[in-house]
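In: next input, structure requested:
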Amino acid sequence: MSNEAATAQAAQATEAVPEPEPIPHGIGASLPAADVRAKTEGTFPYAADLWAEGLLWAAVLRSPHPHARIVSIDTTHAREMPGVRAVVTHEDVPGAPLHGRGKADRPVFASEVVRHHGEPIAAVAADHPDTARMAAAAVIVEYEVLDPVTDPEQAFEAEPLHPDGNLIRHIPLRHGDPEASGDIVVEGLYRIGRQDPAPIGAEAGLAVPRPDGGVELYLASTDPHGDRDTAAAAFGLEPERVKVVVTGVPGATADREDRSFQLPLGLLALRTGCPVKLAATREESFLGHAHRHPTLLRYRHHADAEGKLVKVEAQILLDAGAYADTSSEALAAAVAFACGPYVVPNAFIEGWAVRTNNPPSGHVRGEGAMQVCAAYEAQMDKLAKKLGVDPAELRLRNVMATGDVLPTGQTVTCPAPVAELLQAVRDFPLPPLPKDTPEDEWLLPGGPEGAGEPGAVRRGVGYGIGMVHVLGAEGADEVSTATVKVQDGVATVLCAAVETGQGFTTLARQIVQEILGIDEVHVAPVDTDQPPAGAGCRGRHTWVSGGAVERAAKMVRTQLLQPLAHKFGMSTELLQITDGKITSYDGVLSTTVTEALDGKELWATAQCRPHPTEPLDGSGQGDAFVGMSFCAVRAVVDVDIELGSVRVVELAVAQDVGRVLNPAQLAARIEAGVTQGVGIALTENLRTPRGLVRHPDLTGYALPTALDTPDIRIVQLVEERDVVAPFGAKAVSAVPVVTSPAAIASAVRAATGRPVNRLPIRPQAAVVTGG
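Out: Below is the predicted model:
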């Protein structure tokens with residue numbers, strides 16, 4: 001081959017090599033999570049994997065009774081066991097004996113009375129986990145068993161279960177004319193079961209004593225500063241002497257590492273002077289942490305002859321379990337959103353949260369809003385049936401929009417494209433009907449070997465539209481602090497916002513990339529030496545912590561551009577940063593971010609605090625919420641009307657997202673929320689007969705698996721930016737959880753003609769006699 005030919009072939013080969021695809025960065029890109037490789041390879045540092053020199057193991061003794069008086073506690077045998085280093089009870093709590101997220105009404109260890117099955121009574125530290133468990137079992141507790149109060153309706157008349165009484169909160173909402181009535185009236189009684197957050201990763205923690213007499217807690221905490229303050233109060237220490245270090249969080253749809261785990265752990269480390277580790281079993285998790293509030297709802301809807309809503313009357317009763325926790329907040333959401341995203345000129349709602357001897361209820365994604373959504377959507381189906389109107393059409397006649405007023409008197413100022421969302425799912429093509437062939441048996445309800453006759457299968461289509469509030473409510477001080485540092489061309493974000501799977505660390509990297517044009521961005525690990533960022537719930541970190549990162553990054557941007565702007569005699573607003581390059585509006589200036597840094601270290605700290613809210617008053621009125629998010633779901637189900645088995649075929653979702661910041665991450669959050677809703681609708685119910693948790697494991701508590709997950713079609717994302725939110729974005733995880741169970745129940749009603757007034761849907765509720 002000649003030199004010319006070889007040169008030409010080499011050039012041709014060079015031209016054939018495709019250029020590498022650019023790495024996505026900045027707002028709007030599907031930037032992958034920073035920890036995805038570590039999680040895939042099994043090197044992600046979960047709390048259950050932690051270790052320390054001289055480690056002891058902890059175990060907690062929990063009450064076998066839902067209600068009993070403690071006559072005596074004898075720890076003698078446990079203390080005398082070889083390998084046992086410490087046993088602690090209520091007598092060993094040096095600080096505040098009570099704690100709680102919403103209200104301090106829950107003892108660290110029960111002392112005189114146990115109020116729920118699984119309440120902590122004592123804790124043990126030993127040199128081996130088996131020794132610790134055996135020593136905990138050797139603590140002798142003499143009980144006087146009492147009759148439990150497990151029906152929340154009976155709690156009003158029962159003897160007080162707590163010094164604060166049985167009623168936690170009552171909200172009477174009054175809006176409009178109490179004498180108003182409609183031509184059409186429908187009523188319903190609805191029950192929502194007890195769902196468990198069921199974190200797949202083990203709940204675990206490590207406590208390490210400090211030389212100054214304090215302690216460090218290594219936890220998968222979702223609220224590190226709140227957990228630190230509670231622990232410091234219980235330990236009788238200043239907050240500065242208790243440090244919470246957040247380890248890898250294996251996902252969270254509720255609060256993780258309940259304080260009934262954290263507090264005994266720290267007490268044992270302080271008592272022994274040694275590191276102490278606690279890894280909860282699945283049973284201990286079910287007994288220890290809070291669950292979704294079981295709820296009883298009575299509704300009466302009034303409408304005119306055209307189907308326009310005239311008045312809604314409702315009674316909502318939340319079972320808080322033994323302690324208050326976040327029941328007040330959940331009740332406020334339930335009452336405020338009791339009418340759903342509909343225009344209701346007259347509303348009269350009574351809401352109560354009461355104590356019982358059932359397991360404690362607390363924050364779980366969509367609390368309050370999910371329960372009422374199932375009820376008001378069932379009422380809309382009843383109205384449509386009575387009027388002979390298409391269910392989607394009836395909803396469209398009543399949906400709210402921006403500028404409408406909630407029953408609380410608050411004007412909806414954020415984007416509320418509810419009609420657009422519902423029209424999108426209604427108009428999306430329906431999935432094909434299943435084929436009656438042996439190879440497609442798995443498509444039928446029940447799956448292979450479990451399905452009945454194909455002729456007994458009925459298809460149903462149903463709708464649900466829901467809403468949630470974003471951030472805290474009723475005067476909660478929502479604030480977060482973030483610091484952005486730039487050195488040697490690398491940016492670092494310091495913010496105590498915990499990555500719980502919602503994607504905050506990825507979002508923080510994208511924000512800094514977008515504003516500063518720096519590709520390499522790291523997010524520092526979280527601990528309580530950093531300023532507080534608040535709890536990871538209700539979309540807080542997308543808004544508040546993302547806003548703090550944005551403001552800090554913009555301050556660093558100003559520091560970076562000011563010398564250049566001064567040099568060229570122009571304002572920094574006339575300079576832009578794109579793909580790592582700084583250019584002026586007229587093209588005179590063109591340089592790179594690296595050159596502009598010139599070895600300098602830049603940093604800035606900023607806070608984000610949304611506009612204030614106010615508590616609901618004595619009539620349930622007030623501007624209680626910062627913002628709201630909306631979703632519409634169309635469910636298609638196949639129901640075997642002889643067996644009552646249900647298969648969700650497809651869920652079509654349209655959602656109000658404000659602005660898409662990370663398309664892949666946003667789709668994953670919506671799909672995860674919808675899948676959680678499938679479990680709420682069909683399988684998840686923690687049974688507690690007479691207050692005893694039955695089958696506290698993942699065999700008795702049925703989570704939906706990949707085989708239960710239907711086709712999820714995200715048919716529309718409405719990007720109408722919320723002007724008061726950073727980047728105009730809204731949180732997306734909670735509202736599909738709220739809406740999809742209601743849509744599935746609506747579809748089962750359409751398939752069977754049965755009322756379906758309970759979640760999860762029991763097989764007998766879907767059976768059609770003589771069908």
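
In: low-confidence ranges, the stretch 151-300 of the chain, go.
Out: Low-confidence segments of the stretch 151-300 of the chain (pLDDT under 70): 254-257.

In: cool, and the chain?
Out: 1-24, 254-257, 434-442, 447-452, 770-771.

In: which other helices and strands contact the longest helix that it contains?
Out: As assigned by DSSP state H, the longest helix anywhere in the chain is helix 546-568. Applying 3 or more C-beta pairs under 8 Å, 6 or more residues apart in numbering; DSSP states H and E, we find helix 546-568 packed against strand 480-487, strand 490-495, helix 504-516, strand 575-578, strand 581-584, helix 593-597, strand 602-608. The way it works is simple: take the backbone N, C-alpha and C, and place the C-beta from them, glycine included.

In: go through that helix and flag the buried ones.
Out: For helix 546-568, burial by neighbour count (16 or more other C-beta atoms under 10 Å) applies to 546-557, 560-561, 564-565.

In: chain center to it: distance?
Out: Its chain's C-alpha centre and that of helix 546-568 lie 34 Å apart, by C-alpha atoms, centre = their mean, to the nearest Å.

In: angle of it against strand 602-608?
Out: Going by axes from the mean of the first three to the mean of the last three C-alpha atoms, to 10 degrees, helix 546-568 is angled at 140 degrees with respect to strand 602-608.

In: ranking the helices and strands packed on helix 546-568 by burial, who's on top?
Out: helix 504-516 (a mean of 25; mean count of other C-beta atoms under 10 Å).

In: what's that helix packed up against?
Out: Counting contacts by 3+ C-beta pairs under 8 Å, 6+ apart, helix 504-516 packs against strand 480-487, strand 490-495, strand 521-523, helix 546-568.

In: may I see these organised as a markdown table, with distance to G618 added?
Out: Output for the helices and strands packed on helix 504-516, formatted as a markdown table (distance: least, C-beta to C-beta, whole Å):
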| stretch | distance to G618 |
| --- | --- |
| strand 480-487 | 32 |
| strand 490-495 | 38 |
| strand 521-523 | 44 |
| helix 546-568 | 33 |
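
In: what's the closest of the ones you listed to F428?
Out: helix 546-568 (30.8 Å; C-beta to C-beta).

In: got the angle for that closest one vs helix 504-516?
Out: Going by the same axes, to 10 degrees, helix 546-568 is angled at 20 degrees with respect to helix 504-516.

In: secondary structure element for the closest residue to P755 other than its chain neighbours?
Out: Nearest residue to P755, sequence neighbours excluded (C-beta to C-beta, 6 or more residues apart in numbering): R749, at 6.9 Å. Following DSSP states H and E, one finds R749 within helix 734-752.

In: buried residues in that helix?
Out: Going by neighbour count (16+ other C-beta under 10 Å), the buried part of helix 734-752 is 734-752.

In: my read: T131 touches G83, true?
Out: Yes - under the criterion of C-beta atoms under 8 Å, T131 makes contact with G83 at 4.3 Å.

In: the more surrounded of the two?
Out: T131 (20 against 15; other C-beta atoms under 10 Å).

In: ok so, going back, could you dump the helices and strands packed on helix 546-568 to CSV with distance to A52?
Out: Formatted as CSV, those follow (distance: least, C-beta to C-beta, whole Å):
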stretch, distance to A52
strand 480-487, 29
strand 490-495, 25
helix 504-516, 26
strand 575-578, 44
strand 581-584, 47
helix 593-597, 40
strand 602-608, 32
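
In: P710: which of the ones you listed is closest?
Out: Among these, helix 504-516 sits nearest to P710 (C-beta to C-beta), with 26.9 Å.

In: quick one, the helix or strand harbouring A635 and helix 734-752 angle?
Out: Here A635 sits within strand 625-640, counting by DSSP H and E. Angle of strand 625-640 versus helix 734-752, following the same axes, to 10 degrees, is 30 degrees.

In: picking up where we left off before, of the buried residues of helix 546-568, closest to L686?
Out: Proximity to L686 was ranked across those by C-beta to C-beta; first place goes to G546, at 33.8 Å.

In: and the residue nearest to the closest one when sequence neighbours are not counted, what does it touch?
Out: In this structure, G546 finds its nearest non-sequential neighbour in P726, 5.0 Å apart by C-beta to C-beta, 6+ apart. Residues counted as contacts of P726 (C-beta atoms under 8 Å, 6 or more residues apart in numbering) are W543, G546, G547, E550, C608.

In: now the two most distant members of those.
Out: Pairwise over the contacts of P726, using C-beta to C-beta, the maximum falls at W543 and E550, 10.5 Å.

In: now the common contact residues for the two.
Out: C608, P726.

In: which one among the buried residues of helix 546-568 gets closest to E179?
Out: When the buried residues of helix 546-568 are compared against E179 (criterion: C-beta to C-beta), the nearest one is G547, at 45.4 Å.

In: distance check, that closest one against F727.
Out: Counting by C-beta to C-beta, to the nearest Å, the gap from G547 to F727 is 8 Å.

In: also S72?
Out: On the measure of C-beta to C-beta, S72 and F727 end up 60 Å apart.

In: which one's more surrounded, the two?
Out: F727 (21 against 8).

In: quick one: residues contacting the more buried one.
Out: F727 neighbours (C-beta under 8 Å, 6+ apart): I27, I511, G546, E550, G658, R659, L661, R721.

In: switch the cut-off to 7 Å
Out: I27, R659, L661 (C-beta atoms under 7 Å, 6 or more residues apart in numbering).

In: out of the residues you listed, who's the most crowded?
Out: L661 (26 neighbours).

In: correct me, but that residue touches G26?
Out: No - L661 is beyond contact range of G26, at 9.7 Å (criterion: C-beta atoms under 7 Å).

In: overlap in contacts of those two?
Out: By C-beta under 7 Å, 6+ apart, the residues touching both L661 and G26 are Q510.

In: picking that back up, among the helices and strands packed on helix 504-516, which comes closest to P345?
Out: Closest approach to P345 among these (C-beta to C-beta): helix 546-568, 35.4 Å.

In: can you tell me what sits against the closest one?
Out: Contacts for helix 546-568 (C-beta under 7 Å, 6+ apart): 480-484, 486, 493, 495, 507-508, 511-512, 515-516, 571-572, 575, 582, 584, 588-589, 596-597, 602-608, 726.
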